[in-house]
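Visitor: got a structure for you, letters missing:
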């Protein structure tokens, strides 16, 4: 087991031991029984089948409520600190799958305040501009405008603030320190911020003036916020939000999380075919030093970022992904071939996405929620 | 010198050494030169003449700017934790005097969020209701609706929040801890709150998109907030707000601050003549045990709460107040007489105020500022 990693909402470093995170955070691993239960609502999404969405909180409870006719709302979000990359799309596509499957309302939070507070180099105008740019990617994925409310914290703050105040009143600095690892050098905005991220989980309950369940699909790195939200929920008369956690989308370097701050190892949704080709060409695969040796000892799909991309997103067929893994291990397929295929797939995907992204520009207002 | 007192925005206890506070907070005492300068704009207000408004920050600078044609805005406020008492009116009347004298815009903040966060027993609905009740007292004092914007933090938060975020980003928990005496058991809303109290000081600069000076008349107990605001102002390109500090309005017990939480020693603006009579009858005067003795050794206007009420508000004539003090010291006037006169004056004052207060109900919307 590797303890040399760190997973917080603002920092993911080292080789993540996802099972250890489940223990550390006190979440539940998604087991066979839950997968079987979920498969009754429709074909299991590849992210569930493949254990990319691998952990949860209260998923059984939210399905019980759903089965009893009490529909949940979905809530997810994005910290607009840079351009959207493919890793972001993965969670959002999974969220869209859940929305379609359960026919639910979705709150999509753009945390322009958070990224301003936590990033020395970003002005509020920057995070606002980035938020509106990122929103194009959300809309391009085909979310249903009727059931999807996208909002910037700063534009919806009169709605969020009273809920955030109620949350904040129940969270001491001691707690925030323990959960997020803050010390006295953190600014007082960062310390308060978790209240703002908790608020949308309780928004539908506030609007409907009754207890409305909320399901949050998110990266496991965001769990800290919702541990706090879940702790205070009963004190405020709200239901605890349920969660579905996914693993981090890998970097092209082989690291555990694709990051906008490392543009050379990150595929952005606005990348040109040329840029994609170059990035994939330089991607880490863990392949052998020579073709001869690779033919002999085989490749390592477990550490290969190119394989991970196929696994996370581009190859939804389980048989195909197994074939690919086997062929690699046996040295039947070489890194160059894999890179070529992935490049073609990404270029094709982005071509289509960028077309939809441009169309999305005209549709932003259909999705936006702002203080009335 | 007495060190056994505490003055923070949320706690005023002990016998305050106001000169020591000037040293401790690093403010400037209002000296003869400043009084002389201020007298050129119009007759000096009794609060200035009598040293009730006794300390300042950058008052010379704000007058320099004013003389150069750069008009300041006024900003003051109220924490709606209970009904308005006479002590509140004193600062507000002084603020109105400044508004009339300098013909300036006034932002009047009702900190419903603050009082919710700092008071375990108040819900947001409570502080909101109290805010709207307190607003009647503000309006009753005759502020000019055209130049006065009253707002609740929760109703104006979309306007305040971006400014508050900029402030918050520059204030560490270490700083907040040192300035306000927070420890780890404080809730994360209280820690962030000072950013919200700083925001209105910079609002006019944001609106006009230029550097607009701001003058804040307030109790010396509020200085901590504006020390922080002044420290961050240059980092954000705003002018440092100037301040005029007044002493605390005394309690009828003889203590240093009238407090809504001790209703028996506090005259509320909604008190009946009967209630006023009873409270004044029980007021602390420091008088002698018997009439005979008082005739012989005289009274103590310096510690007498009845005298202080005359001094702070009800006897604006300096000669009269001196006569009263002298007569008391010589034993020429007894506590009962003073109480009778003060009761009559307060009852008359409140009768008029309550009439205006009722009329104010129809005018609230003229004064309110809310997020557009």
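Guide: Received, thanks. Here the structure is a predicted model, which is why all the values come from computation and not from measurement.
Visitor: from here on, contacts and neighbour counts on C-alpha atoms
Guide: Fine.
Visitor: what about residue A:339, how many residues close to it?
Guide: 21 (other C-alpha atoms under 10 Å in any protein chain shown).
Visitor: what residues are up against it?
Guide: Contact partners of residue A:339, counting by C-alpha atoms under 8 Å, 6 or more residues apart in numbering or on different chains, are A:280, A:281, A:306.
Visitor: so residue A:268 bridges to which residues?
Guide: For residue A:268, the beta-bridge partners are residue A:85 (DSSP bridges).
Visitor: my guess is it contacts residue A:89, does it?
Guide: No. At 10.1 Å, residue A:268 and residue A:89 do not qualify as touching, with contact defined as C-alpha atoms under 8 Å.
Visitor: Now do the SS call for residue A:288.
Guide: For residue A:288, the assignment made with DSSP: H, G, I helix; E, B strand; the rest coil gives coil.
Visitor: correct me, but it touches residue A:301?
Guide: No. Between residue A:288 and residue A:301 there is no contact under C-alpha under 8 Å: 12.0 Å.
Visitor: tally of neighbours for the residue in the stretch 1-150 of chain A that chain B sits nearest to?
Guide: Going by C-alpha to the nearest C-alpha, chain B is nearest to residue A:117 of the stretch 1-150 of chain A, at 5.6 Å. Using other C-alpha under 10 Å, the number of residues around residue A:117 comes to 24.
Visitor: Check it and give its pLDDT.
Guide: The model reports residue A:117 with a pLDDT of 98.
Visitor: isn't it right up against residue A:191?
Guide: No. Using C-alpha under 8 Å, residue A:117 is not in contact with residue A:191, being 9.6 Å away.
Visitor: Scan the contacts of residue A:339 and report the most crowded one.
Guide: Compared across the contacts of residue A:339, residue A:306 has the highest neighbour count, 27 neighbours, by other C-alpha under 10 Å.
Visitor: mind listing what it touches?
Guide: A:252, A:280, A:283, A:284, A:285, A:338, A:339, A:342.
Visitor: Tell me the one of the residues you listed nearest chain B?
Guide: Nearest to chain B among the contacts of residue A:306, with distances taken as C-alpha to the nearest C-alpha, is residue A:252, at 32.9 Å.
Visitor: picking up where we left off before, give the other helices and strands that the helix or strand hosting the residue of the stretch 1-150 of chain A closest to chain B contacts.
Guide: Residue A:117 belongs to helix A:112-118 when assigned by DSSP states H and E. On a contact count with 3 or more C-alpha pairs under 8 Å, 6 or more residues apart in numbering or on different chains; DSSP states H and E, helix A:112-118 meets helix A:124-140, helix A:188-208, helix B:157-169.
Visitor: Kindly reformat those as CSV and extend each row with mean neighbour count.
Guide: Converted to CSV, the helices and strands packed on helix A:112-118 look like this (neighbours: other C-alpha atoms under 10 Å in any protein chain shown):
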stretch, mean neighbour count
helix A:124-140, 21
helix A:188-208, 23
helix B:157-169, 23
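Visitor: can you put those in CSV and add distance to residue A:24 and mean pLDDT?
Guide: Output for the helices and strands packed on helix A:112-118, formatted as CSV (distance: least, C-alpha to C-alpha, whole Å; pLDDT from 0 to 100):
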stretch, distance to residue A:24, mean pLDDT
helix A:124-140, 31, 98
helix A:188-208, 20, 98
helix B:157-169, 30, 98
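Visitor: Looking at those, which is nearest to residue B:238?
Guide: Residue B:238 lies closest, by C-alpha to C-alpha, to one member of the helices and strands packed on helix A:112-118: helix B:157-169, at 10.6 Å.
Visitor: now that closest one: how far from the chain's centre is it?
Guide: The chain centroid and the centroid of helix B:157-169 are separated by 24 Å, computed with C-alpha atoms, centre = their mean, to the nearest Å.
Visitor: the inter-axis angle of it versus helix A:188-208?
Guide: 150 degrees (axes from the mean of the first three to the mean of the last three C-alpha atoms, to 10 degrees).
Visitor: Report whether helix B:157-169 contacts chain A.
Guide: Yes. Residues of helix B:157-169 are located near chain A by C-alpha under 8 Å from any C-alpha of the partner chain, namely B:157, B:158, B:161, B:162, B:165, B:168, B:169.
Visitor: how close does the residue of chain A most remote from its centre get to chain B?
Guide: In chain A, residue A:292 marks the outermost C-alpha relative to the chain mean, sitting 39.2 Å out by C-alpha atoms, centre = their mean. Distance, residue A:292 to chain B, using C-alpha to the nearest C-alpha, to the nearest Å: 56 Å.
Visitor: quick check, that residue in a strand?
Guide: No. Using three-state DSSP, the assignment for residue A:292 is helix, not a strand.
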